Each structure stands twice: as structure tokens, then as C-alpha cells.
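K.L.:
Output the structure for:
(4 chains)
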Protein chains: 4
Amino acid sequence: MSSSIGQNLKISIFGQSHSEAIGVVIDGLPPAEEINLDEVMSFMARRAPGRNNLSTPRKETDTPEILSGLKNGKTCGAPLCAIIRNTNTRSSDYNNLIDVPRPSHADYPAFIKYKGENDVSGGGHFSGRLTAPLCFAGACAKQILKRRGITTGVHIYQIGNSLDDSLCMESISEELLDKIAEKDFPVINDKKGEEMKKEILKAKEELDSVGGIVECCVLSVPAGIGDPMFDGIENKISQIVFGIPAVRGIEFGAGFEAARMRGSEHNDSYYYDENGNIRTKTNNAGGILGGISTGMPIVFKVAFKPTPSIGKKQDSVSLENKTNSVLEIKGRHDPCIVHRAAVCVEAAAAIAILDMMC
Amino acid sequence: MSSSIGQNLKISIFGQSHSEAIGVVIDGLPPAEEINLDEVMSFMARRAPGRNNLSTPRKETDTPEILSGLKNGKTCGAPLCAIIRNTNTRSSDYNNLIDVPRPSHADYPAFIKYKGENDVSGGGHFSGRLTAPLCFAGACAKQILKRRGITTGVHIYQIGNSLDDSLCMESISEELLDKIAEKDFPVINDKKGEEMKKEILKAKEELDSVGGIVECCVLSVPAGIGDPMFDGIENKISQIVFGIPAVRGIEFGAGFEAARMRGSEHNDSYYYDENGNIRTKTNNAGGILGGISTGMPIVFKVAFKPTPSIGKKQDSVSLENKTNSVLEIKGRHDPCIVHRAAVCVEAAAAIAILDMMC
Amino acid sequence: MSSSIGQNLKISIFGQSHSEAIGVVIDGLPPAEEINLDEVMSFMARRAPGRNNLSTPRKETDTPEILSGLKNGKTCGAPLCAIIRNTNTRSSDYNNLIDVPRPSHADYPAFIKYKGENDVSGGGHFSGRLTAPLCFAGACAKQILKRRGITTGVHIYQIGNSLDDSLCMESISEELLDKIAEKDFPVINDKKGEEMKKEILKAKEELDSVGGIVECCVLSVPAGIGDPMFDGIENKISQIVFGIPAVRGIEFGAGFEAARMRGSEHNDSYYYDENGNIRTKTNNAGGILGGISTGMPIVFKVAFKPTPSIGKKQDSVSLENKTNSVLEIKGRHDPCIVHRAAVCVEAAAAIAILDMMC
Amino acid sequence: MSSSIGQNLKISIFGQSHSEAIGVVIDGLPPAEEINLDEVMSFMARRAPGRNNLSTPRKETDTPEILSGLKNGKTCGAPLCAIIRNTNTRSSDYNNLIDVPRPSHADYPAFIKYKGENDVSGGGHFSGRLTAPLCFAGACAKQILKRRGITTGVHIYQIGNSLDDSLCMESISEELLDKIAEKDFPVINDKKGEEMKKEILKAKEELDSVGGIVECCVLSVPAGIGDPMFDGIENKISQIVFGIPAVRGIEFGAGFEAARMRGSEHNDSYYYDENGNIRTKTNNAGGILGGISTGMPIVFKVAFKPTPSIGKKQDSVSLENKTNSVLEIKGRHDPCIVHRAAVCVEAAAAIAILDMMC
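P.N.:
Residues are numbered from 1 along each chain as shown, chains lettered A, B, ... in the order given. Next up is the predicted model:
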């Protein structure tokens, strides 16, 4: 009723930050597809904590264990289940959160919804840690899409007030996307990446946090994929993307900027290219019209709020005493999760597109 | 596979712009709920074309006919089906569209997807006209929510470069929302509304169109509604909202602006109000944390692209001749659909929230 | 939440026996498929009331009106909606049913579920009349399957204690199924059909009713269709078949008889036929193993209870007075619905199989 | 796409007979419900292999490991995942099955569907072993239902030609159902149970197998649960029950016997009992009318085919050589699975009913 999604490719995510394990069941993977686990690990490593001083010092090896669904390294038609053990948990950090909900975390609404029995430790089922199994599923989807000529990629578009170069239509290529994916800090322009890192470190020093924007694209999706109205590409991608903690908005193509534009400026003119393929001169549509792919790159941006867990003291309430209260959060937290979340957005896109192509 | 949505409250929309009729089946409405058809008509009138010189001159009475689901004016548990006849169709306007797809319309991807058999007239199933049955369903949902103390409302936030006042937390009230709903042009500040209208008329004169942003809110949703991960309030609302033609983005609470913010600035502190209720001092969360309602107003914005049908000549291709081609669109079109689409966004919100509360 | 079904081919049925209209929305039909409406009418005529003295004297032309989804007689990708007006309603027949629920009808549980606001007239949404739109959808599915070489068919297997010949593996053929479909009373052996009719007329004379069994088969479904566990062919067909009023059981292949059998007797041995195709010597599996088609005919039986509406006086209760009460049902009723329901079972099979092959 | 089911209570089953582990994710369990793991183990022990000489000698401890979803022994709102390691696998037994499909097993259709990459060992995902996680989920559902006053129970109704006493309306009670559940061989009448065992042992001696029928009931479900048409109690239970391997049919209440009955005989008359509750004198409806519970016991029967794995030589084909072939199955198999499958049917019922009551 919450953590399952997909129609032809169904994923069901489980686990809490400090439960025995977290994991995912992927049902409906096409059969006879090789899953390269080294590539899966590389993909997952892009969101792993503890790579540098920009993230939480919590370290987990995050090695997924495959319980089912593969036979001789290939998908065998049975649901694939992968789990990741939670080994480095410090639940005592969270003791006072049961009573005093952290501002802008799910603690309070979860307390109401689950009658006070929700697992608060590490954020429980609401933890960003739950994106690890999402990335596992995304890594599998990415490999299968790759085999069909489709490439997914992502970069940090913005941290605080620092912007990366734009993934303009001219520059998007498989090579560029692969190159960004190999970077520790996934931006197009590394100089701008340094500015972003400074913003993060400055926030960290001030016991604060900062938000950002991720830009994702999917290349070479053939025209005609997706459905009208409620099962369009935007609907499908959005439904998964809003499953990533801290996401506050999503926009496709020109997005919110389209609000300021004239039709004559926003419309993407068609033409035949030298190979006789229909293309558009611009791509304000972000590769989607009427929910269906146009054959142009699918491009969208996702906004992340600043991490709600900050070291500064904050006003909150004591649920037990029914009084106002002051909260000082301890534990290990990220001053920014955008650079780690980028790959999660790519995972969401890969899962959504493969679901529509199964 | 496209035009059905919802879990407990399921809606299935059908029809093309120029088919015999358009309509909706609503399955799962709570029983014994009175549906006031005059109120439904008033709600639907807010999106009806032809109210002033800002919209298409196509006029339709758009009176829904109830085929099932009501008994003595109350929901009887059976699916409610309402249809609206298409009476004022001029399909000949669309003859050349079969060959030359309109830029930034669904014509081309639909041609590929449906093997050239898609109904092009008036945009077929992709027409904005299909939001009439969505509004019918939304009007029913709104009435039922109202009976539970929940109010939905909407205003135009932006047209081109003109902005309305903001629905800041202090000003939101049931009265304000109801007052805006009665306006021909739904803004908070009518002076700013006049500027917006000027932008629309200017675009119209120049045979062009313009985009905009709609802001929607839902008041008095109790804390604890919604589910984590993929069935959160954002996921549910997004999946419906992207079913409205021309939507390019959605953001909740502080949305994309959150990317620039610090955690200490963005976090919404809790406090007990004078009645002993937990509230937050700010509402950057837009009333949602972890996908679940906090009890604060649910607030989100939706970006609309400029109407793709413009009078200016545009570059396109001839699918039959496989050559580049120039297109001049005739027919009746809106220079802006934002003021008409506002109520559709409210409908989407009402449907999503009622689905989660059924 | 009740009257929608299907994954790739989604159908949503609406209407009550005495509402303005009944109908169906079919979402996900493959595009560019011609729908021959004469054939649809012929298919639907097989369940129509009033064909002879074996059925209710209520007469309806039951001509479906297509509201959407077709363009030049072909599916255009948009959801297909067809409605049938209810023209010959006599709601006054049902006045006392609001208070005194008919034994073995849905009146009482519906009264509880819908807080007394359910539409009792003619059985409301629970009426057998709702199988007309199911048959409409089935007729479309049958035509599309036919174009792919797949044939659906059905016969009355049993009425009361009278049995038809069996659809044994040797005799099943497209020709036989088509021939049965043309009969007023769809049996293989017309002599046995006469005996069945006598049983029905005898029940009718005695102001009583009688049950029966329908056998359905689907020929030439290729091996490999269907999914394991909960999305197998049996699961899919069952979920639709139990949507037909009065169904009490379903069995595939040897069915309940398999309980008495030994494995050595029940197992279907494989062999290569003269064309190099794998087939089985027997077909106790009814063409399904592990939920997946084997390439052999899919065969199943469906049990129908005797029509609950009988002329005889029956014991019931007065919901208002909270006392025991005696009920005498008036209105127009069928002494047996099996011969009319046979085609509904075929419709269910066609919809289920096409859904799995879309 | 296969192994997930449920609407409010969603279960997703994974694993193969010889994969690392099998398991289940249960999403949507009501929060704050205690799950007694000893009771879960007792429930699961009722299907465990190796309890006596009637079953496969394969022994597994089948101790589930809870990975998530519980906090201090109570459901915390997060999906509950439980896994069971496969420790006692002998895959070499299955080597020749890759080429020569076992009659009446899923080997051949799975080979076609999964392009020859299906996991054949132990039946892979089609193994009866996958009912262990189903029983885990059923055990949780049963505990929660119990807390709401609802009792599930089951007995072996028939093995080959031996029948147990019937669960007639007079005799059904919570006590009786609990007493049967404690038996090694779950029948009402132990003498008849001995006859059944003899049938099983006789089949075993002859290197053969035998089928049977299970009868299940659910007591004290309040009237008004379930939905019309496709989401009725029968539809929901069927969809899960056909997920149990070897099931060939299901019937509710009088079931197939209803085909022979007159309406006057089959109809269940209403009356007020001494406590002012509406009840029926008979229960041919099996507690369900129009898909909705009547308040009477829900009763249904499920037919199981004889185990397809038998020691006798059988005719089959070599997929590689494309020739006819003879198969002699080795490995450890059950001469009858009905006594082990009974509890799986109860699990299916518990899951379906709780899903409808969440």
C-alpha cells in the first residue's frame, strides 16, 4: 500500500534504516537478461555514504545479496530479491526522537498514522537509506535498457545558489553521461562542482544543510512509448521520483520556465534529419508529448530540499508532555544529499522507462 | 492502460474531442453521499470554454448526463457514469493534421503509437476537452470532502511574467478560496489579474499563446493521510495532475525554491497552538512530510506550457511525403489555457485526497 | 473498487438494471483493430433476454451506442465506451424489496454495505443485466483474438440433472464451436438440449428455477501465455468469471474430478506431433500448467446456481420492522439463466486471454 | 506481474525451490498489531514437509527470518519482509529436467515463456515450496483477524475416493476449527482420516500419487465486506488460491452441486435469531451474495490434482533433440500434497479477507 510500484515491472521495497536488512523484490524483469553484479555495485556506489567529507560518516559496505531471480547470472523469470544488511546502526542516537519529532522529517505524521508504533530509528522506513534498494533495481533496469540502445544519465544541476552547465540538447551524448557517472561529484563542469562543494561544506560548518536540483535524461527511447493521461511518461516517472525522500518538485523539458514562454518560442518544430528520422529543432518538450515519447531525449529536473537533520537547535514539541520543546539532533547526517540522490533519480527513470517497454 | 486511475476511488475517463461523447466512470464513491448537480455544474463552468474573449470561441453547454450511480440524488454504491455529448465539432478544421503533425502536440507520438489510426480531430483523446469529465469527478469529490470539513481551492499564480499575490500561510482560508472560485478570472489580486489578461490578449493578437502557473491548496486534511514512498500525497496528486494536458511541472510547498534554501530556513518548526493542536510556524513542506499529511494546508504549484496551437506558421514535416513542411493551424484555440485549467488542478487534488481517505 | 478489471486491457463496467443506461469503458485495446459491430450484436444477442419462453419476458433491443474509441470503424487507441439504454424498466415491481430482502440475492449485504442507499430496482448494479456490457467487451476481444488465430467457444454442459455431450479433446474444433454459437440453445447434442429445456420449463411451471454448468474453451493460444502464481490464466479468468452473477464455482481441465485421480492417470504425456509441435496425449491440465498456457486447448467449467428469484413464497425478514416476514417476488424473471450466461463466460475468457496477450 | 497480489494488503512472494532463500514482503499491514512468531511457526509447521511418511523426506527447518516491518514485536507500518533460507537442496536431481519436461509440471510452458532460462531445480518459482512464504503471510493475517473476532479454519474434505465428514452449518465452530488445526492430519473424523492416509500410502507404494479436496471456512466476518463484480470475496479468494500449485478448481457454498438444485431448495431463507441478528436457515451461498459477505460463515472448497511428480516412467519429449523421450523422475516428492496444502488454502482466505477489511 505504499512501497510497491510498477505495472509490468513491479518493484516492492522494504526495510527500515535500522532493521535487520533493507531490500527489494523486482517482479517482471524480462527473462534471459544477464545482470552484471559489478556494474550494479558501481551504480550503487554512486549513492553510498561515506565517500568524502560531504556526507554522513556512517559507512556501510552495502553489498547486496541476491536471494532469488537469477540462474547462472541471468534473469530466470522468477522475481529477483536482493537484500542489504544493516550493519552499522546506532539506534541510541534516536532515543529522544520518539517524543520530540524532528522538524521537516516524517516523524510526526508517521507517529499519527502508525499510532505511535512507527520505527523512528534512523528515520525508519522513511530513511534515505531505502534508496539503496531503489538503486539496485535501477541498476538492473539500466543494464537491460542499455542492451536495447537506451542510455540513462544524470548530473547535479544546482546546489544552493551554484549552478552546473546545462545539459543542452547539443551536448547530450552517451559518452558525456557515462563520463559524469564516473565522477565522485557528478557535474558537467568540475569548476562549478567545486563551488557547489564549497556551499555544502559551508553549510556543514554552520551545522546547517543545503538543497539542490538534479537533472536527468534518457537517450534513444524510441517514439511511441508511454500512454495518454494517467500513464504518461511524466506520471510514471513522477510517481517513482516522489518516492525518493526530500524531493519537492519535478519538471519536464522547459518545466516551470515554460510558464513565461510564448507558444512560438516553446513549440519544438519538426524536421527530417539527414538519416530520414523525424526530430525537433528544440526540445522544450523534454522528449514527451501527450505522455508519449517523441524520440528526442527525455529530460527532467528534480528539486531536493535541504536535509532536515541539522545540528542547530530547533523548536519542536514533546508529544508526551504536550508542550513546546527544543530539539538538538545528534547522530550522523548529510549536510546535503543532492550529490548522493542524483543516481536515485536516474534509477527512478530507468525503472519507469523499462516498465513501459516490458 | 492510460486513462484510469485511483485505488479506492477509481476514475476511468473516455472520449475524444470529436467523438459522440466524453465521460467518466467513478467507481468507489462512498455510499449515501448526496451529489448536488447544480454545484457540479458550477464547478465545471469554471473550465468551460467561451466565457470571454480569452478563450476559444467553441461553445458547448457541457451538461453532464448521469447514466448510473445515483439513486434519489445520492450515491448508491454502483459506479457513477456521467457523459457529455460533443455537439459543436468541426472536424474539417483538422484534415491536414493527419499528415502534418502540430509541433508540441501529441499528434506525432500518437501517430507512431497507434499506427496512424489515432483520432486527430480536435486532438482526439489528448484534447484539453477531456478535462471536463475530470472536473465532473473532481466536483463530486469536492462535495464529499466538504462534508468532512476539507476545502479545496486554486488560483492563477502566474501568466507569462505577471504574478498574482501569494497564497501565504496567513491568508489561506476557506472564505478566500470560495471567493476566488466565484471569480471569472481566479486570482487573489484582481489588479494583477488584469495584467495577466493583458498578457493573454497581447499573445492572442500576435497569433501566439502564453503559459502560466496554478497554485492549489487543500485545507483541513487531518494529519496521517497518505502513505510512504510511492503512495504519498505528492505521488498521488502528481499522477493525476500530469494527466492534464500541457502540464510541465509540479512542486509542493517551497518546491524548486527549496534548492536554494538552508535547512535552518526551510525546516518548519512545530508548536502547540492555543487549542492544543500541533502546527508548524512555516509551511515549506506544503503540508506533507514523508508522503503523509501534517495537518497543515497542502499547497502545490503546477506549471503549464503555452498552448501549442498558435496561428503563426510553423515548421513541421509531412509524414506521407517524408519531407519538411510548413504548417498553418486553423480551428478554434485558446491563447492561454491556464485560467481554464486552474479548476482541473483543483479537481485532481480533490480526487487524490478523497481516494486516500476512502 | 469493484467493477474495473484487467491490467493491459482494462474494463470498467457501470450501470444498474434500471438506471439511465449501462455500459463499459475498455481501455488498452490494441490500435488499428477493426471492430465489426454486426458481429458484436450477434455475440450480444446470445445473452439477450426474451428469445424464447425459457427466459424473462423483459425485452430490450440492447443496441450498444459507441461513444468513443473508434475512428472509421477501427480502434484508435482511445478508450472505447459503449452504452446501452435501459428502456423497458418497471421499477414498481421492486418496491417491497427495499424492506424485505430476496433470499440469495445481494439485497441484504448491499443494504448493509451501502447504508440502505443501494439501488434495489431490478437488482441494481448486481443485476444479470450488467453482463451485457461484459459481453460487449468480450465480443471486441473475441474479434481481435480471432485475427490472431485464437477461437473462443462455449456450450451448456449441464442443466439440473441433464448433461450435454462432453467437449472431449478429439471433438474440439473451431467449426464445432462456431456451430454451437449459432444455436438458440447452445449445446453439442440437440437431443440432450431438449431434455435440458424440459427441465427449465418444468421448473418454470412450478414457479421455481434451476441451475447448471457451462463449459468454455479457447483454442490455439500459443504456449507461454500467462504468469506464475497470482497472474496465471486460472487466476485471471476466475477473477472475471466470478463477476458474472450466480457463479458458484470454476474448475480447469479435470477440475474437481482430479481429486479422485492418480498422478499416472492425470498427468498429460508430451509427444511431438506430425508437424513437429509439442502436444499432450490427454488434456487434464485444461491447457494450463503453472498458470501458463501449454498450447493445448484451454478448457474450464463454470457452475451457476438456480436463479434466486422464484415465484414461490419464501421466508425473509422485514428490515424496517425487524421481524420475520414472507416474501412473494413479482416482476419478470428467468427460470434458468445458464443458457443466457454461457456467452458471458466466453466473454470473460476472451477478455482475460486478450489482456494477457496485449 | 505474477507474484504480487492484494490491494490494501499487498503481498509479494519471491524465491525458487533451490535459490538462496524464499520469502515474502507484506505491505499494508495495519500498524500496532502484535505478531506472535511462535504462532506463526505453528501455522507454518502445518505445511512443513517431513512430518511423517506421507510426505517428501526433504527436511527444512523453515524458520523465517524477519528482516523488516516489526518494532518491538509489533507492526510498525513499514513493509514486513520475512525470508526462509533454502538449506537442503539437491539440484543434481533435476539435471535432466532441463531437456525433458515433466508431464503436468510447469517445466515446458516456463521453458517457452522464459526462453529456456527458467530455473528448473526443484520446480524453481513454481515449486510448492513457495507456499511457505504464503503461509507466513497467512499466519500474520490470521492473528490480526482473530483479534477482530474472525476465525479461519480448514480440513481435508477428500483424498482420492475417501471423504471426511462435512463442515455442515450446525457443526462449524471456532473450537472445532482450532481442534482440527492441531491435528497432524487435519480432518474432522479421524477414522476417515485413516482411510485417506491409506489411499496416500497405497499410491506411494505404487510409485504414484493422488489428489484431493480441501474445505475452508471463515467465521464471523461481518455482513457487508467485499465489493460487487470483480472485487467480490470469491474473486479475491480465487485469485490467491489459484496461486497455490496444483489447484484445479474452487467452489463456494453449494458450488457445483448448485447446478443440480432448484431455486426453492438452494435459496437461503432469512430470519431473525434470538439476539436480533439476521441469519439464514441454510448456507448454500457460502456466506457470500453479490460478492459481499452475508454474516454467515464463508465456506469454500478447493480441488487439488495428484502430485505430478511420480516414480513411474512417463512419456515426454527431449526439447533439445526434438524427439519423443521417456522420463523417470528421481528426487524427493510427495505422493499427495493435499494435507500439506490445506493450511495454504486457509492462508489464502485469511489474506483475502484481511485485505478487504484493511
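
K.L.:
tell me the mean pLDDT for stretch A:208-219?
P.N.:
Stretch A:208-219 carries an average pLDDT of 97.

K.L.:
Looking at the stretch 151-300 of chain A, which residue is nearest chain D?
P.N.:
Nearest residue of the stretch 151-300 of chain A to chain D, counting by Cβ to the nearest Cβ: A:Gly243, 12.9 Å away. For every residue, glycine as well, the C-beta is placed using N, CA and C.

K.L.:
so that residue touches B:Glu234, yeah?
P.N.:
No: checked against Cβ atoms under 8 Å, the pair A:Gly243 and B:Glu234 is beyond contact range at 9.1 Å.

K.L.:
Show me the common contact partners of those two, please.
P.N.:
B:Gly291 (Cβ atoms under 8 Å, 6 or more residues apart in numbering or on different chains).

K.L.:
so who does whichever residue of the stretch 1-150 of chain A sits closest to chain B touch?
P.N.:
Closest contact between the stretch 1-150 of chain A and chain B, by Cβ to the nearest Cβ, is at A:Ala106 (2.6 Å). Contact partners of A:Ala106, counting by Cβ under 8 Å, 6+ apart, are A:Gly123, A:Phe126, B:Pro228, B:Leu289, B:Gly290, B:Gly291, B:Ile292.

K.L.:
Out of these, which is nearest to D:Leu219?
P.N.:
When the contacts of A:Ala106 are compared for distance to D:Leu219 (Cβ to Cβ), B:Pro228 wins out at 34.0 Å.

K.L.:
From chain C, how far out is the residue of chain A most remote from its centre?
P.N.:
What lies farthest from the middle of chain A is A:Asn321; by Cα atoms, centre = their mean that is 37.4 Å. Note on A:Asn321: its distance to chain C, by Cβ to the nearest Cβ, to the nearest Å, is 41 Å.

K.L.:
Is that residue in a helix, a strand, or coil?
P.N.:
Using DSSP: H, G, I helix; E, B strand; the rest coil, the structure places A:Asn321 in coil.

K.L.:
Could you confirm whether stretch A:166-174 reaches chain B?
P.N.:
No: Stretch A:166-174 does not reach chain B (Cβ under 8 Å from any Cβ of the partner chain); its nearest approach is 14.9 Å.

K.L.:
gap between the two ends of that stretch?
P.N.:
With Cα to Cα, to the nearest Å applied, stretch A:166-174 spans 15 Å between its terminal residues.

K.L.:
which residues touch the nearest residue to the residue farthest from the centre of chain A once chain neighbours are set aside?
P.N.:
In space, and not counting its chain neighbours, A:Asn321 is closest to A:Asp99: 7.8 Å by Cβ to Cβ, 6 or more residues apart in numbering or on different chains. If you count contacts by Cβ under 8 Å, 6+ apart, A:Asp99 has them with A:Ser318, A:Leu319, A:Glu320, A:Asn321.

K.L.:
what residues does the stretch 1-150 of chain A put near chain C?
P.N.:
Contact residues (Cβ under 8 Å from any Cβ) of the stretch 1-150 of chain A with chain C: A:Gln7, A:Gly77, A:Ala78.

K.L.:
between those, which has the most around it?
P.N.:
Highest neighbour count within the residues of the stretch 1-150 of chain A next to chain C: A:Ala78, with 32 neighbours (other Cβ atoms under 10 Å in any protein chain shown).

K.L.:
D:Leu29: which of the residues of the stretch 1-150 of chain A next to chain C is nearest?
P.N.:
Once Cβ to Cβ is applied, the member of the residues of the stretch 1-150 of chain A next to chain C that ends up nearest D:Leu29 is A:Gln7, at 23.4 Å.

K.L.:
leaving aside the residues next to it on the chain, what's closest to that closest one?
P.N.:
Distances taken as Cβ to Cβ, 6+ apart put A:Asp355 closest to A:Gln7, at 6.0 Å, once the chain neighbours are dropped.

K.L.:
Please list only the buried members of the contacts of A:Asp99.
P.N.:
When the contacts of A:Asp99 are checked for burial by 16 or more other Cβ atoms under 10 Å in any protein chain shown, the buried set is A:Ser318, A:Leu319.

K.L.:
Out of the contacts of A:Asp99, which is nearest to chain C?
P.N.:
Checking those against chain C with Cβ to the nearest Cβ, the nearest one is A:Leu319 at 34.4 Å.

K.L.:
Could I get the contacting residues of the closest one?
P.N.:
A:Asp99, A:Val100, A:Pro101, A:Tyr108, A:Phe111.

K.L.:
thought the last one was touching A:Arg102?
P.N.:
No: with contact defined as Cβ under 8 Å, A:Phe111 does not count as touching A:Arg102 (11.2 Å).

K.L.:
in chain A, which ranges drop under the pLDDT threshold?
P.N.:
By pLDDT under 70, the weakly predicted segments of chain A are A:1, A:49-53, A:56-61, A:88-97, A:331-332.

K.L.:
Tell me the helices and strands packed up against the lengthiest helix in chain A.
P.N.:
In chain A, with assignment by DSSP state H, the single longest helix is helix A:338-357. Contacts defined by 3 or more Cβ pairs under 8 Å, 6 or more residues apart in numbering or on different chains; DSSP states H and E place helix A:338-357 against helix A:37-45, helix A:131-147, strand A:151-159, strand A:212-219, helix A:233-241, strand A:298-304.

K.L.:
right, and these - which one's nearest B:Ala132?
P.N.:
helix A:233-241 (19.6 Å).

K.L.:
report the angle between the axes of the closest one and strand A:212-219?
P.N.:
Orientation note: helix A:233-241 sits at an angle of 130 degrees relative to strand A:212-219 (axes from the mean of the first three to the mean of the last three Cα atoms, to 10 degrees).

K.L.:
Contacts for helix A:233-241 next, please.
P.N.:
Helix A:233-241 is touched from outside by A:5, A:134, A:225-226, A:229, A:247, A:250, A:252, A:287-288, A:291-293, A:298, A:300, A:302, A:345, A:348-349, A:351-353, A:355-356, B:230, B:235, B:238-239, B:242-243, B:247, B:250, with contacts defined as Cβ under 8 Å, 6+ apart.

K.L.:
Can you list the buried residues in that helix?
P.N.:
Neighbour-count burial for helix A:233-241 [16+ other Cβ under 10 Å]: A:Ile233, A:Glu234, A:Asn235, A:Lys236, A:Ile237, A:Ser238, A:Gln239, A:Ile240, A:Val241.

K.L.:
List, one by one, the residues from the stretch 101-250 of chain A near chain D.
P.N.:
Within the stretch 101-250 of chain A, the residues that sit near chain D (Cβ under 8 Å from any Cβ) are A:Ala110, A:Lys113, A:Tyr114, A:Lys115, A:Gly116, A:Glu117, A:Asn118, A:Asp119, A:Gly124, A:His125.

K.L.:
Can you select the buried ones from the residues you listed in ChimeraX?
P.N.:
Burial among those is assessed by 16+ other Cβ under 10 Å; the matching ChimeraX selection reads:
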select /A:110,113,114,115,117,118,119,124,125
